[in-house]
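Novice: Sequence and predicted structure are below.
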Amino acid sequence: MTRGLLSVSPGSSCTRLPDVAHYAASMMKVSVLVAVYRAADAGTLDLDAPVPVVNDFASATGTRFACDPGYDNEHDVWDRLGGAAPVHWLARRMIVRSSNLATNLLLAEVGLPAVAEAWRAAGATGSHTGRGIEDRAAEAAGITNTVTAADLARLFSGIAAATVATRRSCARMLDVLAAQEDRTDVAAGVPDGVRVAFKSGWVDGVRHSAGVVLPGDAPPYAIAVCTTGVPDAPSLIARIARTVWEEQHP
């Protein structure tokens, strides 16, 4: 059982195993989101440009792979298969409904090096995005996606502080992350009505949640919880988030 926790606020920091690497699950989608908006800032990607919606992707091994619709949480993107969708729409579906297909489409647009640069811009030291979702050949070859709680907190702090992209792009990313439809984990640990820009990710035996809490009456703070092999992880993550909230609002 491994648990990594890092919560960061303007006046304090609470950590437990913050630099332990975990399988990323859907948390890698936040790094793709940052890469997309950084590319838009650089003028190499138009957020309104149509992207062909296909289910055929280049593997990190040099072969090809496809996604399984039954393994995806979101189906609006699949409904557009054979058509096209704007970059900004795909980015939103990637976060608010955790679309695997949208993730791979955007990853194909920006490339893995751009995602690595997004991690570097945030100051990450132990997180890596090496392949797309469901790239089984890469997985078999040992190419994977990893995150640490410390790096996730750095990434979200960078979005909140507008240090990983322009202020306008970071504001747009916060809006997308705050529209997350799954309100479990970190969001379940703060009072109703409090704005939380966050993302959760899970596969069997792994569950993570990280984001920025924006209270309105106090400075924002980042929180990241990564768990591997922890029973009832959503409840644990919510309890941690609630404890941090209560410490920030005694």
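Specialist: In hand now; what should we look at? Being a predicted model, the structure only gives us computed values, none of them experimental.
Novice: Just to check, residue 104 is in contact with residue 133?
Specialist: Yes: using CB atoms under 8 Å, residue 104 is in contact with residue 133, at 5.7 Å. In this view, the C-beta of every residue, glycine as well, is placed from N, C-alpha and C.
Novice: which neighbours do those two share?
Specialist: residue 67 (CB atoms under 8 Å, 6 or more residues apart in numbering).
Novice: mind checking pLDDT for the residue positioned nearest the centre of the chain?
Specialist: Centroid-nearest residue in the chain, with CA atoms, centre = their mean: residue 30, separated by 2.7 Å. Predicted confidence (pLDDT) for residue 30: 98.
Novice: quick one: the helices in this protein?
Specialist: Assigned by DSSP state H, the chain shows helices spanning 28-42, 87-96, 100-110, 112-122, 136-140, 149-160, 167-178, 233-248.
Novice: what's the most buried one of those helices?
Specialist: helix 149-160 (a mean of 27; mean count of other CB atoms under 10 Å).
Novice: Show me what that helix is packed against.
Specialist: strand 2-8, helix 28-42, helix 112-122, helix 167-178, strand 195-203, strand 206-214, strand 221-228 (3 or more CB pairs under 8 Å, 6 or more residues apart in numbering; DSSP states H and E).
Novice: Quick check: which of these is nearest to residue 83?
Specialist: helix 28-42 (19.8 Å; CB to CB).
Novice: The closest one vs strand 206-214, what angle?
Specialist: 50 degrees (axes from the mean of the first three to the mean of the last three CA atoms, to 10 degrees).
Novice: How far does helix 28-42 sit from its chain's centre?
Specialist: 11 Å (CA atoms, centre = their mean, to the nearest Å).
Novice: In terms of secondary structure, what does it contact?
Specialist: Using 3+ CB pairs under 8 Å, 6+ apart, helix 28-42 is in contact with helix 87-96, helix 100-110, helix 112-122, strand 128-129, helix 149-160, helix 167-178, strand 195-203.
Novice: quick one, which of those is nearest to residue 60?
Specialist: helix 112-122 (7.3 Å).
Novice: Report the angle between that closest one and helix 28-42.
Specialist: 90 degrees.
Novice: Centre of the chain to helix 112-122, how far?
Specialist: On the basis of CA atoms, centre = their mean, helix 112-122 sits 13 Å off its chain's mean C-alpha point.
Novice: likewise stretch 166-185?
Specialist: 10 Å.
Novice: Give me the below-cutoff pLDDT ranges for the protein.
Specialist: 1-13 (pLDDT under 70).
Novice: Now do the end-to-end distance for stretch 102-116.
Specialist: 19 Å (CA to CA, to the nearest Å).
Novice: what's next to that stretch, contact-wise?
Specialist: Residues contacting stretch 102-116 (CB under 8 Å, 6+ apart): 28-29, 31-32, 34-36, 38-39, 45, 51, 53-54, 57-58, 60, 67, 74, 77, 85, 87, 90-91, 93-94, 128-134.
Novice: what distance separates that stretch from the centre of its chain?
Specialist: 13 Å.
Novice: again, but for stretch 54-73
Specialist: For stretch 54-73, the distance to the chain centre is 19 Å (CA atoms, centre = their mean).
Novice: what residues does it touch?
Specialist: 75, 78, 81-82, 97-101, 104-105, 107-108, 112, 130-138, 141, 143.
Novice: With residue 246 as the reference, measure out to the residue nearest to residue 24 when sequence neighbours are not counted.
Specialist: Distance criterion CB to CB, 6 or more residues apart in numbering; nearest residue to residue 24, sequence neighbours excluded, is residue 145 at 3.9 Å. Look at residue 145 and residue 246: by CB to CB, to the nearest Å, they are 33 Å apart.
Novice: ok, now residue 90?
Specialist: 37 Å.
Novice: one step back: can I get the helices and strands packed on helix 28-42 in JSON lines with distance to residue 185?
Specialist: Listed next are the helices and strands packed on helix 28-42 as JSON lines, based on distance: least, CB to CB, whole Å:
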{"stretch": "helix 87-96", "distance to residue 185": "14"}
{"stretch": "helix 100-110", "distance to residue 185": "19"}
{"stretch": "helix 112-122", "distance to residue 185": "21"}
{"stretch": "strand 128-129", "distance to residue 185": "21"}
{"stretch": "helix 149-160", "distance to residue 185": "12"}
{"stretch": "helix 167-178", "distance to residue 185": "13"}
{"stretch": "strand 195-203", "distance to residue 185": "4"}
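Novice: Noted, bye for now.
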